[in-house]
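Enquirer: below are the sequence and a predicted model; questions follow.
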Amino acid sequence: MDRDNHSAKEVPSCSAGVPAEAPPCEADVGRFETLSVTAYFADFFENSPHDLFVLDARQDGRFVFEHINPALTKSTGYTYEMLVGKRPKEVLTLANISALAARYRACAETRQRIEYDVIAMTPIGEVIRHTILVPIVDRSGMVRKVLGTSTDVTALRHAEAKLASQTQELRELVERLVSERAHSELIIENSGDGIIVVDTELRYLVWNPAIESIHGKTRDEVLGKTVFDVDPSFANHQVGNAWRKAISGRRAEIRDFRFFSRARGTEVIYDADFTPLYSRAGAIVGAICMLHETTDRRRVEEMLRQSQKLEAVAQLTGGVAHDFNNLLTAVIGCLDLIAYQGDSLRVTRLVETARRSAERGAQLVQQLLAFARRQSLHAVSVDIGGLLTEIEVLLRNVAGEAIDVVFVPASVSLWRTKIDRAQFEAAMMNLVINSRDAMPHGGRITVRTCNLSAADLPGDVDLTSGDYVALAVEDTGEGMTPEIATRAFDPFFTTKGVGKGTGLGLSMVHGFAAQSGGGLRLESAPGVGTYVTLYLPRDRSATEADREESAAKPRGGAGAVLVVEDDEQIRAISVEMLSSLGYRVHIACDGNEALAKRSSGRPSVHGSCNARRYVRRRTGASSMSDQTWSSGIADDRLRAAAKRRRR
């Protein structure tokens with residue numbers, strides 16, 4: 001019989017503002033004592049113009065029609081005999097019985113009034129009835145009955161539906177009339193580009209969400225105000241000039257405009273086009289500005305240019321540094337021989353002075369090689385936290401008493417990383433020195449370390465996916481402008497005074513990071529300070545042997561040494577030094593010749609690989625005798641052996 005309408009609703013009971021479970025007042029009790037309660041309510045029930053029915057809420061959870069009034073019979077066609085004494089499911093359609101039973105139970109259990117609409121199929125036809133259920137609470141507080149009132153709202157609901165249809169038609173008509181404007185507003189609001197419209201007095205008329213995110217001011221703060229009221233600095237600025245051109249009928253454009261957005265806390269780059277707005281009559285009524293943000297694209301382009309520039313400089317620097325390295329090796333070797341063979345104290349002092357100058361040049365070459373990623377790194381597995389502890393005192397001494405150096409330990413155990421300890425220490429020294437020089441009046445340097453998984457890596461650093469150990473050095477110094485920060489890794493670029501810096505500090509750190517398989521990130525702002533983060537890859541294959549450096553002690557004496565060196569000067573000085581130490585020296589100009597001297601008919605390979613292959617074949621050698629040396633390997637050991645002989 002009943003089919004639930006989707007508009008059915010349940011609302012709390014509000015019968016005269018009195019709770020359903022409230023006991024009768026004294027006046028009611030007195031009246032009940034003088035009147036027949038049954039007769040009193042029977043007359044009210046029978047003569048009510050509203051459709052009423054009473055459900056008996058039985059203890060087993062069933063609901064049974066106990067009474068209906070004539071008004072309900074008249075409006076629905078259900079007679080007293082058809083309903084009274086029967087359960088709803090016996091007279092109503094099964095499609096609705098579960099929903100109706102649930103409402104009956106809800107009314108009895110919650111003691112709240114419940115309202116709903118149903119489409120009912122009655123003996124007189126299909127009607128829409130609005131029903132209200134009210135719980136009847138006895139003096140013991142139990143809900144024994146449920147009073148229901150049902151009203152035929154068929155005509156009302158049809159009228160409402162018709163009104164809704166007419167309203168919808170009117171709404172569609174209005175929408176069609178303003179569709180052009182609505183679409184324009186939609187485009188403006190959802191555009192990724194900033195859109196600004198001004199009138200001929202340069203008062204803001206449109207300020208869309210995209211420009212809000214760039215500028216930081218909301219439309220409520222700018223609409224109705226002039227361009228110069230909002231930004232007084234634009235009065236004698238290219239932006240103000242562009243607006244003036246636009247309202248005078250000329251187009252204007254600004255390219256690569258850089259603006260510090262307080263809303264984002266970073267620099268924003270955009271292109272802007274200013275165009276006059278004309279009415280249908282052809283009169284200028286204002287101007288529009290379209291701002292297209294190019295921040296991400298420009299940063300990617302700058303990163304690419306910077307990478308290409310650094311690579312080109314690195315190739316040039318590496319080649320020059322390699323040649324200078326060979327020259328200085330020969331110079332230092334000759335000085336060592338002179339010092340070894342010389343007896344004059346004056347000669348020794350001159351040699352030591354020349355040697356110190358040459359070693360300073362060699363140190364500069366090593367920095368260049370580190371930047372060019374051509375320096376030979378002796379990588380071992382280390383714990384960065386432990387290494388920092390070892391050099392903490394050194395770093396504090398370098399920073400000076402006016403600088404407070406704070407080491408913030410990692411919250412978890414740091415992963416191991418495979419790096420050259422000496423180069424790492426040099427990199428930390430350079431970072432601390434740079435921070436110190438940026439704080440001439442004192443300040444704070446904070447050193448932090450942490451583990452970073454692949455998901456946490458920054459997107460603006462060229463890093464291979466994987467786990468890294470991050471080390472950050474932060475200072476409270478003067479900071480850098482964006483223009484200076486973009487050149488910070490350039491070799492020989494420095495903002496320090498003459499004689500106060502070589503401009504290779506950060507270049508060396510950058511080269512060390514790249515050669516170690518990591519990266520370097522620099523963040524800086526004037527007046528805020530600088531934050532440099534060094535990313536070093538996690539070493540997952542560390543063994544105990546890798547974690548210890550084997551310091552091979554040079555031993556002189558008898559034996560044969562094969563010198564493999566393509567540079568004539570270095571080859572000559574190496575032969576001279578080894579001969580002076582008592583070794584028999586054999587010479588090879590390259591790897592092929594070295595292999596040929598030991599075993600004829602071997603396959604030919606090129607470069608330093610031959611020397612390494614040869615040494616691997618001679619793994620039985622236990623001393624310096626019967627060894628092979630090539631450029632870049634033996635220099636330090638030869639000099640150390642020469643010094644021991646002098647002593």
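Expert: Right, received. Where do you want to start?
Enquirer: does residue 153 really touch residue 132, like I thought?
Expert: No - counting by CB atoms under 8 Å, residue 153 does not reach residue 132; the two are 11.6 Å apart. For the C-beta atoms, the positions are set from N, CA and C on the backbone; glycine is no exception.
Enquirer: which stretches of the stretch 501-647 of the chain form strands?
Expert: 519-525, 529-537, 560-564, 584-588, 627-630 (DSSP state E, counting those that start in this stretch).
Enquirer: dump these to JSON lines, plus distance to residue 391.
Expert: Shown next, in JSON lines, are these (distance: least, CB to CB, whole Å):
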{"stretch": "strand 519-525", "distance to residue 391": "19"}
{"stretch": "strand 529-537", "distance to residue 391": "14"}
{"stretch": "strand 560-564", "distance to residue 391": "36"}
{"stretch": "strand 584-588", "distance to residue 391": "39"}
{"stretch": "strand 627-630", "distance to residue 391": "31"}
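Enquirer: out of those, which comes closest to residue 404?
Expert: Nearest to residue 404, of all the strands of the stretch 501-647 of the chain, is strand 529-537, at 13.3 Å by CB to CB.
Enquirer: and that closest one, C-alpha only, in CSV?
Expert: Output of strand 529-537 as CSV, limited to C-alpha atoms (Å, rounded to 0.1, in the frame of the first residue of the first chain):
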residue,chain,number,x,y,z
GLY,A,529,71.4,33.1,6.3
THR,A,530,72.6,30.1,4.2
TYR,A,531,71.6,26.5,4.4
VAL,A,532,73.9,24.0,2.6
THR,A,533,73.0,20.3,2.5
LEU,A,534,75.4,17.6,1.4
TYR,A,535,73.8,14.3,0.2
LEU,A,536,76.0,11.2,0.4
PRO,A,537,74.7,7.8,-0.8
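Enquirer: in a markdown table, list the strands of the stretch 501-647 of the chain along with distance to residue 232, mean pLDDT and mean neighbour count.
Expert: As requested, the strands of the stretch 501-647 of the chain are arranged in a markdown table below (distance: least, CB to CB, whole Å; pLDDT from 0 to 100; neighbours: other CB atoms under 10 Å):
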| stretch | distance to residue 232 | mean pLDDT | mean neighbour count |
| --- | --- | --- | --- |
| strand 519-525 | 24 | 89 | 19 |
| strand 529-537 | 29 | 92 | 22 |
| strand 560-564 | 73 | 81 | 22 |
| strand 584-588 | 77 | 82 | 17 |
| strand 627-630 | 69 | 45 | 23 |
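Enquirer: in its sheet, what does the helix or strand containing residue 119 sit against?
Expert: Assigned by DSSP states H and E, residue 119 belongs to strand 114-122. In the sheet, strand 114-122 lines up against strand 2-4 (antiparallel), strand 125-137 (antiparallel) (DSSP bridges).
Enquirer: per-residue confidence averaged over the last one?
Expert: Throughout strand 125-137, pLDDT has a mean value of 85.
Enquirer: got a list of contacts for it?
Expert: Residues outside strand 125-137 that contact it (CB atoms under 8 Å, 6 or more residues apart in numbering) are 5, 13, 15, 20-21, 51, 54, 75-76, 103-104, 107-108, 111-120, 143-154, 157.
Enquirer: ok, the closest residue to residue 489 other than its chain neighbours - how many residues close by?
Expert: Sequence neighbours aside, residue 510 is the residue nearest to residue 489 in space, at 4.5 Å (criterion: CB to CB, 6 or more residues apart in numbering). Other residues lying near residue 510 total 25 when counted by other CB atoms under 10 Å.
Enquirer: I'd assumed residue 521 was in contact with residue 510.
Expert: No - contact criterion CB under 8 Å: residue 510 and residue 521 do not qualify, at 10.2 Å.
Enquirer: thinking again about what came up before, just checking, which of the contacts of strand 125-137 belong to strands?
Expert: Of these, the ones assigned to strands by DSSP state E are 51, 54, 114-120, 143-152.
Enquirer: residue contacts, the residue most central in space within the chain?
Expert: Of all residues in the chain, the one closest to the mean position by CA atoms, centre = their mean is residue 458, 7.0 Å from it. With contact taken as CB under 8 Å, 6+ apart, residue 458 is in contact with residue 521.
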